[in-house]
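Asks: no FASTA, just this:
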Ligand code: NAI
């Protein structure tokens, strides 16, 4: 039920952090994994790691804010493996400033990277998934899909929007057997949050105090949900929004 043998999965920003954690899960379940990211050296290292797990893997350069780069992705994947079954929209950035300090260009950069890219990529994979008779799209939201934060107006808007985009795509493509779901990670120890810990005083203590599980998550905590949402096990699950947060979002 959870086996992904022969399936082709694309993970954007999949060469580190949560993306690589999910890529490892998909690889262990038998998928061929495309690491679609900007930093070539990091992508090469990620591919080597996935190959050591026994998977086939491929690095494709991708800048999710560049429409030409997005247009080149699907042909690069189908040229290698002839199909594309799973898309994980994981690439994301945050620029931590209150709204009165955030420049319009910074707002647009965050929205372009976190929200518009997910729309463009979903749109790019739709024809091949429809032709194949189905597919899986997994969008990576955040606790800021639910909560607000003074330092994250653009990030919160993008991640809230991603949940609503998920529901619209899920509704539109359910009859094509394409399931579209969102995962909301809690506080996971990655480059992104290491930077946040430096920039937001008291964040570390807050996370440990507020997370019922009493710890930061690690990228591998996201592997299981990625396999579930990529596999036959979730064929009747669509438009769902699944927190993976050690309980952060359920406790006052
Ligand atoms: P990370 O910084 O390690 O990974 C983000 C990835 O996105 C990097 O590989 C980066 O190069 C890539 N990326 C950024 N802009 C890109 C672009 N224009 N084109 C292609 N790739 C681009 O951070 P992390 O934590 O692994 O984040 C992954 C996702 O999880 C992001 O969407 C983030 O918002 C989300 N998230 C992370 C949480 C955490 O606690 N670490 C919590 C909630 C959500």
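Replies: All right, it came through fine. All figures in this text were calculated on a predicted structure; none of them were measured in a lab.
Asks: quick one, phi psi at residue 108?
Replies: Here is the backbone geometry of residue 108 (degrees, to the nearest 10): phi -70, psi -40.
Asks: next one: residue 179
Replies: Residue 179 adopts backbone torsions of phi -100, psi 130, taken as degrees, to the nearest 10.
Asks: hmm, it is touching residue 233, no?
Replies: No: with contact defined as Cβ atoms under 8 Å, residue 179 and residue 233 do not form a contacting pair (10.7 Å). Placement of C-beta: from N, CA and C, glycine included.
Asks: so between these two, which is more surrounded?
Replies: Using other Cβ atoms under 10 Å, the more surrounded residue of residue 179 and residue 233 is residue 179, with 23 against 13.
Asks: who's that one bridged to?
Replies: residue 136 (DSSP bridges).
Asks: so who does it touch?
Replies: By Cβ atoms under 8 Å, 6 or more residues apart in numbering, the residues touching residue 179 are 134, 135, 136, 137, 170, 229, 234, 235, 237, 238.
Asks: from the ligand, how far out is the last one?
Replies: Spelled out, that is residue 238. 21 Å (Cβ to the nearest ligand atom, to the nearest Å).
Asks: assign that residue to helix, strand or coil.
Replies: Here residue 238 is recorded as coil under DSSP: H, G, I helix; E, B strand; the rest coil.
Asks: is it in contact with residue 182, as I believe?
Replies: No: if you go by Cβ under 8 Å, residue 238 and residue 182 don't touch, sitting 10.6 Å apart.
Asks: between those two, which has more neighbouring residues?
Replies: Using other Cβ under 10 Å as the criterion, residue 238 and residue 182 rank with residue 182 on top: 27 against 21.
Asks: surely that one is in a strand?
Replies: Yes: judged by three-state DSSP, residue 182 forms part of a strand.
Asks: residues in the stretch 1-150 of the chain within reach of the ligand, list them.
Replies: 12-13, 15-19, 37-38, 62-65, 90-93, 113, 140, 142 (Cβ under 6 Å from any ligand atom).
Asks: secondary structure element for residue 88?
Replies: Taking DSSP states H and E as the criterion, residue 88 maps to strand 86-89.
Asks: show me what that strand is packed against.
Replies: strand 8-12, helix 17-28, helix 117-132, strand 135-140, helix 223-230 (3 or more Cβ pairs under 8 Å, 6 or more residues apart in numbering; DSSP states H and E).
Asks: given that strand, what are its sheet partners and their directions?
Replies: The pairing partners recorded for strand 86-89 under DSSP bridges are strand 8-12 (parallel), strand 135-140 (parallel).
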